[in-house]
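Engineer: Okay, predicted coordinates and the sequence, questions at the end:
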Amino acid sequence: MTLITYLTRVHFADGVLEEALWSELEASGKKRPLVLIDRQFARNETTERLYSGIPARTKAETFDDIPHIPTEQHARRVATTYADKQCDVLIAFGDARTIDLAKVARVAIAHDTNLSVFSYATGGSRRIGNSLPDLFAIPGISGFGSAVSAHAPLILQDGKRALIMCKKLIPGVTICDPMLTLCADTGETASSGADAITHCIEAYLSKSYNPPAEGIALDGLNRALHNLERALSDGSDIAARREMMAASLNGALALQKGLGASHAISSALEAVCDFPLDQGVLNRIALPGVLQFNQQVANEKYKGLLRLFASGKKRSLPEEMNHYFSKLPLSKRLSELGLNDVHLQAASTVAAHDLATDTNPRSINAADYLTIMRSVH
Amino acid sequence: MSGAISVHHGAFGRAALYQLDKPIIMHAHREAHLIFYVDGDTATVRVCDTDYPADNAAGVAVSPWQPHSFDLANHPGSSCMCLVLYIKPIWFLENSQSVEYALSFGRGQIAMTREISEWVFRLTSLLLQEEGSDMFDGFLYEMTRQCFQQSWSGMEQANCVTHARTKYVDFRVRRSLRLMKDSYCDDIEIEWLARESGLSRPHFFKLFKKQMGITPNLYLNTLRAEQAIDDLMQTNKSVTDIGYDLGFSSQASFTRFFTSNVGIPPSDYRRVAHVA
């Protein structure tokens, strides 16, 4: 992978949500946005902020039935609402589930055919046309990977999982407002922090050649390592919140370089479970073991990463990571999440076929995945 | 009669050179506002409850949504030429290097330093030119930046963020903003707004004023004035139709409303204003 692409227009500032949304809608001349937002957030204060950013004489419609993973049925329902209400732009507000659904819905709005034909695995990316509706993404404490990336997971009509991937899917505008994270609890804060750290480390270590992404990843990791504890001890510390949002954004921008085995494990476990799992928590559990596994091939890069921890202790990177993560209020073992060995075995096969497996610095197979997961079960 | 010598709309917001001989009533807008005396009688700008002079020694800075009014300092019959800038916060943010959003000024008074006086002179000259100038936005940004810095000089800048954080926190106020935005062309009763927001009328009034800094009526006036300006600039609708569409019963009542809120009559505004 040597194609380096940075396309997203990002607004990033404290309290910028209303003005940025207002000015983007005004500038684009869009008058009927369809807002995708999970119904559990539909009436809270943050959501009222979103609607305050809709300009006068602009009528927003709402779609609030957000599945845990986007499904073809849900994307079709979004497309129907979009057509029925004569909408002209999508706004996705919240986490990755919502933004991913909006990305899949863009394809469903532009194409009547079954979404299986757009699956990345069957060469469907080139079938995605140029008439996708605009999408503005507004991540909260999480969702950055979706907000600036070109792919989205999908469960097809027949229940099979697929990935759609095409640079046309990258949201045209992303609005990052650190004040949206002030109300996040410690669990959400720690999880999004662990997610950002994992994205930064895995993108930096991935095999692909993308120097800008490596720089972005290192900067993001540095911000996260030195601000996560502050954000956890005082959730109203806006400077710490801002740095953590910057780390999340950096991690998301860097992941175009590719990720590694931790991401493959967390995605695979999510895929084989019939109950929702938290990606940040899964990454927190998987990353130290994966770093241990990769150590022999990535030792030089590990030295650079270790310097960022600045702990003054003689620890290896896996030990340092484990020590850092152990202070977070997150589960430490997969068994605590309700996962059993059957889940692990199924996930090991799925992980071996994940795209992130190809970019992991050390060649890794299903048996290796199973060993890593069992070590943290 | 008050009139506009020049009005210039651009990505930054709008800039106007006004000749004012009548007061402008208490109003507010979403843009940040800078007012500078250019010639004639001096003026007084009341921002919230404080009077600030606009003269050779000082200009006035008004943060977004701060209520303010304008009056001449001296005798009836005199007039004041002033440079009035309405700056979109998002434009300022996109051009600045700060991530601590909010184009809120620290102090209302801007001392007319030699540099700021020169910027006022340059911007006034550009507004008086027949042709638009590519330099306008750059000049405006630099002057706004200097005014912003001066207004916070010696004050705790963190107040900016604190201010933004405590702004509009109550979801009921936000809901009322949404309701007003959806129906400002209708005859909205505050009683109805309060009820829809889940509050009694007095509580709603108090909470709205506390959080927005202005009354609900003033907010509605702002929405109507903004829409009127948009329609004047972007449509061919007659002034009468614009007034009717905004819920006014006659052109006279719309003209009265527009003049007292914007400073000049709507037909005058349309005649002199141009878009970059």
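Structural biologist: Good, I have the coordinates.

Engineer: can you map out the helices along the stretch 201-350 of chain A?
Structural biologist: When secondary structure is read from DSSP state H, counting those that start in this stretch, the stretch 201-350 of chain A shows helices at A:211-233, A:238-254, A:261-272, A:279-309, A:317-326, A:341-352.

Engineer: what helices or strands is the third one leaning on?
Structural biologist: Helices and strands touching helix A:261-272, as assessed by 3 or more Cβ pairs under 8 Å, 6 or more residues apart in numbering or on different chains; DSSP states H and E, comprise helix A:186-205, helix A:279-309, helix A:341-352, helix A:355-359, helix A:366-375. All C-beta atoms are positioned from the backbone trio N, CA, C, and that covers glycine.

Engineer: quick one, it and helix A:186-205 angle?
Structural biologist: Helix A:261-272 and helix A:186-205 are oriented at 130 degrees to each other (axes from the mean of the first three to the mean of the last three Cα atoms, to 10 degrees).

Engineer: Restrict helix A:261-272 to CA atoms and write it as CSV.
Structural biologist: Listed next in CSV are the C-alpha coordinates belonging to helix A:261-272 (Å, rounded to 0.1, in the frame of the first residue of the first chain):
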residue,chain,number,x,y,z
ALA,A,261,-3.3,-8.1,15.0
SER,A,262,-5.0,-6.3,17.9
HIS,A,263,-7.5,-4.8,15.5
ALA,A,264,-8.0,-8.1,13.8
ILE,A,265,-8.7,-9.8,17.2
SER,A,266,-11.2,-7.2,18.3
SER,A,267,-13.0,-7.1,15.0
ALA,A,268,-13.1,-10.9,14.9
LEU,A,269,-14.5,-11.2,18.4
GLU,A,270,-17.2,-8.7,17.6
ALA,A,271,-18.1,-10.7,14.5
VAL,A,272,-18.5,-14.0,16.2
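
Engineer: and the direction of it versus that of helix A:279-309, what angle?
Structural biologist: For the pair helix A:261-272 and helix A:279-309, the angle between their directions (the same axes, to 10 degrees) equals 170 degrees.

Engineer: quick one: contacts of helix A:261-272?
Structural biologist: The list of residues contacting helix A:261-272 from outside it, by Cβ atoms under 8 Å, 6 or more residues apart in numbering or on different chains, reads A:69, A:153, A:161, A:198-199, A:202, A:276-277, A:279, A:282-283, A:286-287, A:290, A:293-294, A:334, A:339, A:343-344, A:346-348, A:350-352, A:354, A:356-357, A:360, A:364, A:368-369, A:372-373.

Engineer: Just the buried subset of the residues you listed, please.
Structural biologist: With neighbours counted using 16 or more other Cβ atoms under 10 Å in any protein chain shown, the contacts of helix A:261-272 contain these buried positions: A:69, A:153, A:161, A:198-199, A:202, A:277, A:279, A:282-283, A:286-287, A:290, A:293-294, A:334, A:339, A:343-344, A:347-348, A:350-352, A:354, A:356-357, A:360, A:364, A:368-369, A:372-373.

Engineer: got the helices of the stretch 201-350 of chain A as a markdown table, with distance to B:Gln227 and mean pLDDT columns?
Structural biologist: As requested, these are arranged in a markdown table below (distance: least, Cβ to Cβ, whole Å; pLDDT from 0 to 100):
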| stretch | distance to B:Gln227 | mean pLDDT |
| --- | --- | --- |
| helix A:211-233 | 41 | 96 |
| helix A:238-254 | 34 | 95 |
| helix A:261-272 | 47 | 95 |
| helix A:279-309 | 44 | 94 |
| helix A:317-326 | 53 | 96 |
| helix A:341-352 | 54 | 96 |
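
Engineer: which stretch among those comes nearest A:Leu132?
Structural biologist: Each of those was checked against A:Leu132 via Cβ to Cβ, and the shortest separation belongs to helix A:238-254, namely 20.1 Å.

Engineer: so how far is A:Ala56 from the residue nearest to B:Pro266 when sequence neighbours are not counted?
Structural biologist: When the adjacent residues along the chain are set aside, B:Pro266 lies closest to B:Phe258, with 4.5 Å between them (Cβ to Cβ, 6 or more residues apart in numbering or on different chains). For B:Phe258, the distance to A:Ala56 under the criterion Cβ to Cβ, to the nearest Å works out to 16 Å.

Engineer: Which one's more surrounded, the two?
Structural biologist: More neighbours sit around B:Phe258 than around the other of B:Phe258 and A:Ala56, counting by other Cβ atoms under 10 Å in any protein chain shown; the figures are 26 against 16.

Engineer: and the residue nearest to B:Pro266, what element?
Structural biologist: Take DSSP states H and E as the rule and B:Phe258 turns out to sit in helix B:251-262.

Engineer: Output the following helix or strand past that helix as CSV - backbone C-alpha positions only.
Structural biologist: The first helix or strand that comes after helix B:251-262 along the chain, using DSSP H and E, is helix B:266-272. Only the C-alpha atoms of helix B:266-272 are listed here, as CSV (Å, rounded to 0.1, in the frame of the first residue of the first chain):
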residue,chain,number,x,y,z
PRO,B,266,-34.3,47.6,3.7
SER,B,267,-34.5,49.2,0.3
ASP,B,268,-31.4,51.3,1.1
TYR,B,269,-29.6,48.1,2.3
ARG,B,270,-30.4,46.3,-1.0
ARG,B,271,-29.3,49.3,-3.1
VAL,B,272,-25.8,49.7,-1.6
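
Engineer: contacts for helix B:266-272?
Structural biologist: Outside helix B:266-272, the residues that touch it by Cβ under 8 Å, 6+ apart are B:3-7, B:228-229, B:232-233, B:239, B:242-243, B:254-255, B:258-259, B:262.

Engineer: thinking again about what came up before, could you give me the buried positions within the helix holding B:Phe258?
Structural biologist: B:Gln251, B:Phe254, B:Thr255, B:Phe257, B:Phe258, B:Thr259, B:Ser260, B:Asn261, B:Val262.

Engineer: what helices or strands is that helix leaning on?
Structural biologist: If contacts are counted by 3+ Cβ pairs under 8 Å, 6+ apart, helix B:251-262 sits against strand B:24-27, helix B:216-234, helix B:239-245, helix B:266-272.

Engineer: What average pLDDT does the shortest one get?
Structural biologist: Going back to what we said before, that points to strand B:24-27. Mean per-residue pLDDT for strand B:24-27: 90.

Engineer: and that strand, which strands flank it?
Structural biologist: Here the strand partners of strand B:24-27, with direction, are listed using DSSP bridges: strand B:68-72 (antiparallel).

Engineer: Out of the buried residues of helix B:251-262, the closest to A:Leu180 would be?
Structural biologist: Comparing the buried residues of helix B:251-262 against A:Leu180 with Cβ to Cβ picks out B:Asn261 as the nearest, at 33.2 Å.

Engineer: Relative to chain A, how far out is that closest one?
Structural biologist: With the distance defined as Cβ to the nearest Cβ, to the nearest Å, B:Asn261 ends up 16 Å from chain A.

Engineer: Which residues are in contact with that residue?
Structural biologist: Shown in contact with B:Asn261 (Cβ under 8 Å, 6+ apart): B:Ile24, B:Ile25, B:His27, B:Asn221, B:Ala225.

Engineer: Can you add neighbour count and give the residues you listed back as JSON lines?
Structural biologist: Conversion of the contacts of B:Asn261 to JSON lines gives the following (neighbours: other Cβ atoms under 10 Å in any protein chain shown):
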{"residue": "B:Ile24", "neighbour count": "21"}
{"residue": "B:Ile25", "neighbour count": "16"}
{"residue": "B:His27", "neighbour count": "18"}
{"residue": "B:Asn221", "neighbour count": "21"}
{"residue": "B:Ala225", "neighbour count": "20"}
